[in-house]
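A.B. asks: have a look; sequence and predicted model below, questions after that.
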Amino acid sequence: RSELTAHFGQVEMLRLEPFSHLEPVFRAADLIVHHGGHGTALIGLQSGTPVIVLPTLEVDRADTAVRLENTGTARFYDTGDKRGTFPELVNEVLMSDKMRASAAELAERAFAKRGPGRAYGVIAEWIAES
């Protein structure tokens, strides 16, 4: 928390959850920061909320982060990122109307009453269009 306070000032704007059912939390959030696991990534896409992925050491999580970034709904961040600091990235994503609109549109197109099989196809088409 002290590092977060140094970067963001008042930590009250941040909600840290040790465990929660993710769907309602993600839908209510302005930004999701997660580790890049497949389940969390899918729930993030369903929520229509922009995402920053800080992948853990598992190889598939960095791949997931890149794939999410390719949708225009997420940003991939690691400590060697040359695009800026983590707080700068948080600000960029929070201020991006385009990313928020992309996240909402992808969630609507992929998940509204169509099921996961349809979602996969829509997400693949979305990436191809980007």
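C.D. replies: That came through fine. Numbers count the residues shown, from 1 in each chain.

A.B. asks: need the helices for the chain, in chain order.
C.D. replies: Counting by DSSP state H, the chain has helices at residues 2-8, 22-28, 38-47, 59-70, 86-95, 97-111, 115-129.

A.B. asks: state the distance from the residue most central in space within the chain to Tyr77.
C.D. replies: Among the residues of the chain, the one closest to the centroid is Val51, at 1.6 Å (Cα atoms, centre = their mean). Val51 sits 10 Å away from Tyr77, taking Cβ to Cβ, to the nearest Å as the criterion. Heads up, the C-betas are built off the backbone N, CA and C, glycines and all.

A.B. asks: cool, and His34?
C.D. replies: Computed with Cβ to Cβ, the distance linking His34 and Tyr77 is 11 Å.

A.B. asks: pull up the overlap in contacts between the two.
C.D. replies: Listed as contacting both His34 and Tyr77 by Cβ atoms under 8 Å, 6 or more residues apart in numbering are 52-54.

A.B. asks: just send those residues back as a markdown table, with pLDDT, distance to Gly72 and neighbour count too.
C.D. replies: Below are the shared contacts of His34 and Tyr77 laid out as a markdown table (pLDDT from 0 to 100; distance: Cβ to Cβ, whole Å; neighbours: other Cβ atoms under 10 Å):
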| residue | pLDDT | distance to Gly72 | neighbour count |
| --- | --- | --- | --- |
| Ile52 | 88 | 13 | 21 |
| Val53 | 85 | 14 | 27 |
| Leu54 | 81 | 19 | 16 |
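
A.B. asks: low-confidence ranges in the protein?
C.D. replies: Low-confidence segments of the chain, defined by pLDDT under 70: 1-20, 81, 112-122, 130.

A.B. asks: 50 instead?
C.D. replies: Under the criterion pLDDT under 50, the flagged ranges of the chain are 1-7, 10-11.
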